[in-house]
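Peer 1: sequence? don't have it. structure:
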């Protein structure tokens, strides 16, 4: 679908986590993002949507600024916006909470 | 003009055919599949669409805008340039795939077990740097458990001696060992932050290999209800190396993709990947028609996403280390259009 250029990674997460077939997964992601399913593979539409919602973009100087969420930062937002568990985000939270308790 | 349409054979070599020749290939391919797998041949509309795709002389073809599907993989990157994490980043940021998969050169669960801490460390670093889902993949690869390298008797040596019961007992012992190893690696990857686990080339050693994959999936799903679990098959038909093994009352030997998918879904898989082997002596058009015919009952009946295997020697893609893009794009588009796939 185009991965980070579009919403391919988000639809893939719906399939992997919710076991949704493609039409259902596209509809679910589109609903969450407030776009049409056909927009999910359009890099021009998704460029704005991803940056506005903090869903991550290609992390080069041509496509991202310091204000853009990237990688693990973006995955925190993806988990919240799509309302699905992202294992690396959970693990990140577990590790940082543990350190927070130790420093308290 | 009609006699000079460039097209490909299953070994990747370029040949030229007329449109009527391509149509004959497509019809022969679907009829061969229908006879072999005891399924319905493709209908006239589907056959006509395949002919249109393969009668085009264009270098590349693709699905209609809006019909794009998700791409998953059995490992990404060459592991020859930079680090394995660089491979994953390149696929995310340059190739722009929808998912990536971290893998070890020795792509089987058994050899990964002793190096799991190193694999976990790589996965953990990768997860900090990637936005798209990153799975971990390997093969059940039941043959790894046989003598002289493994602990159980080698059924490939026992069967020619007529020691059927011993061969079956060896396979059953190997299943138990493989399931433990697959689950062990999956648990480690879950802890490291992986988005899912891929059991690739399942059934490569026959029905016992497929049983190990199903039982492992069942245990992984019971422990992690929301985690990604992908299974990709080794071939179109489960070989009966044991012959009597069952999963949930279904005999595994001889299963075709629809029945394979039903058991994978029952075990708890998130994504099922059917595999149909390529006949290198036939055209890509013939192979694609055959593959679509075999997988159509599977994709129509699926309750979980179906990501058909499309790569060197499966799914109509030529059996060559550098499969030509004209053939890859035609095979991919044809399978997505005809089968209404959820991914590749």
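Peer 2: Received it, and whenever you're ready, just let me know what you need. If you're wondering where the values come from, they're calculated on a predicted model, not measured in any experiment.

Peer 1: sec struct for the nearest residue in space to residue B:115 that is not next to it in sequence, please.
Peer 2: With sequence-adjacent residues excluded and distances taken as CB to CB, 6 or more residues apart in numbering or on different chains, residue B:115 is closest to residue B:104, at 6.9 Å. Where C-beta positions appear, they are placed from N, C-alpha and C, glycine not excepted. Assigned with DSSP: H, G, I helix; E, B strand; the rest coil, residue B:104 falls in the coil class.

Peer 1: So what's the residue count around residue B:104?
Peer 2: Neighbourhood size, residue B:104 [other CB atoms under 10 Å in any protein chain shown]: 21.

Peer 1: That one and residue B:112 touch, don't they?
Peer 2: Yes - counting by CB atoms under 8 Å, residue B:104 touches residue B:112, with 5.4 Å between them.

Peer 1: how much space is there between residue B:26 and chain A?
Peer 2: Going from residue B:26 to chain A by CB to the nearest CB, to the nearest Å gives 25 Å.

Peer 1: burial count for that residue?
Peer 2: Residue B:26, neighbours per other CB under 10 Å, totals 28.

Peer 1: sorry, back to before: overlap of the contact sets of residue B:104 and residue B:112?
Peer 2: B:119, B:138 (CB atoms under 8 Å, 6 or more residues apart in numbering or on different chains).

Peer 1: Which residues lie in contact with residue B:170 in this structure?
Peer 2: Applying CB under 8 Å, 6+ apart, the residues near residue B:170 are B:146, B:152, B:153, B:154, B:155, B:158.

Peer 1: change it to 7 Å
Peer 2: B:152, B:153, B:155, B:158 (CB atoms under 7 Å, 6 or more residues apart in numbering or on different chains).

Peer 1: Just those: which are in strands?
Peer 2: Per DSSP state E, strands hold no members of the contacts of residue B:170.

Peer 1: Could you pull up phi and psi at the residue nearest to residue B:115?
Peer 2: Main-chain torsions, residue B:104, degrees, to the nearest 10: phi -100, psi 150.

Peer 1: surely it meets residue B:120?
Peer 2: No - counting by CB atoms under 7 Å, residue B:120 is not a contact partner of residue B:104; they are 11.7 Å apart.

Peer 1: hey, where'd the helices end up in the stretch 1-150 of chain B?
Peer 2: Secondary structure of the stretch 1-150 of chain B by DSSP state H, counting those that start in this stretch: the helices cover B:19-37, B:44-55, B:84-90, B:109-112, B:116-129.

Peer 1: which residue packs closest to residue B:215, ignoring adjacent ones?
Peer 2: residue B:179 (4.8 Å).

Peer 1: what's the burial count for the one you found?
Peer 2: Neighbourhood size, residue B:179 [other CB under 10 Å]: 22.

Peer 1: in which helix or strand would I find it?
Peer 2: Using DSSP states H and E, residue B:179 sits in helix B:164-192.

Peer 1: Now the element after that helix, going C-ward?
Peer 2: Note on helix B:164-192: by DSSP H and E, the next helix or strand toward the C-terminus is strand B:196-202.

Peer 1: on that earlier part again, turn the helices of the stretch 1-150 of chain B into TSV, including distance to residue B:71.
Peer 2: Converted to TSV, the helices of the stretch 1-150 of chain B look like this (distance: least, CB to CB, whole Å):
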stretch	distance to residue B:71
helix B:19-37	25
helix B:44-55	19
helix B:84-90	14
helix B:109-112	23
helix B:116-129	18
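
Peer 1: per-residue confidence for residue 27?
Peer 2: Looking at chain A here, since you left the chain open. Residue A:27 is assigned 98 on the pLDDT scale.

Peer 1: think we crossed wires, I meant chain B
Peer 2: Residue B:27 is assigned 98 on the pLDDT scale.

Peer 1: go on, residue B:20?
Peer 2: At residue B:20, the model reports a pLDDT of 97.

Peer 1: so who does the residue nearest to the spatial centre of chain A touch?
Peer 2: Of all residues in chain A, the one closest to the mean position by CA atoms, centre = their mean is residue A:78, 3.3 Å from it. Listed by CB under 7 Å, 6+ apart, the contact set of residue A:78 reads A:10, A:55, A:86.

Peer 1: Off-centre distance for the helix ranked longest in chain A?
Peer 2: When chain A is scanned for its longest helix (criterion: DSSP state H), the result is helix A:87-103. Offset of helix A:87-103 from its chain centre (CA atoms, centre = their mean, to the nearest Å): 20 Å.

Peer 1: What residues of that helix count as buried?
Peer 2: For helix A:87-103, burial by neighbour count (16 or more other CB atoms under 10 Å in any protein chain shown) applies to A:87, A:88, A:89, A:91, A:92.

Peer 1: Spell out which parts of chain A neighbour chain B.
Peer 2: Contact residues (CB under 7 Å from any CB of the partner chain) of chain A with chain B: A:1-5, A:8-9, A:11-13, A:15-17, A:19-22, A:38, A:41, A:56, A:58-59, A:70-72, A:74-75, A:85, A:87-88, A:91.

Peer 1: Just the ones in helices from those, please.
Peer 2: The helices, defined by DSSP H, take in A:8-9, A:11-13, A:15-17, A:22, A:71-72, A:74-75, A:87-88, A:91 from the residues of chain A next to chain B.

Peer 1: Would you check which pair of those residues lies furthest apart?
Peer 2: Taking CB to CB as the measure, these span a maximum distance of 28.3 Å, between A:22 and A:91.

Peer 1: My guess is residue B:233 contacts residue B:202. True?
Peer 2: Yes - at 5.6 Å, residue B:233 counts as touching residue B:202 under the criterion of CB under 7 Å.

Peer 1: Which one of these two is surrounded by more residues?
Peer 2: Under the neighbour definition other CB under 10 Å, residue B:233 and residue B:202 were set side by side, and residue B:202 has more, 31 against 28.

Peer 1: In chain B, where is pLDDT below threshold?
Peer 2: Applying pLDDT under 70 to chain B picks out residues B:1-3.

Peer 1: Show me what from it comes close to chain A.
Peer 2: Contact residues, chain B versus chain A (CB under 7 Å from any CB): B:66, B:68-70, B:92-93, B:96-99, B:127-133, B:190, B:193-196, B:226-228, B:270-271, B:302, B:304-305, B:342-343.

Peer 1: Pull the number of nearby residues for residue B:320.
Peer 2: 18.
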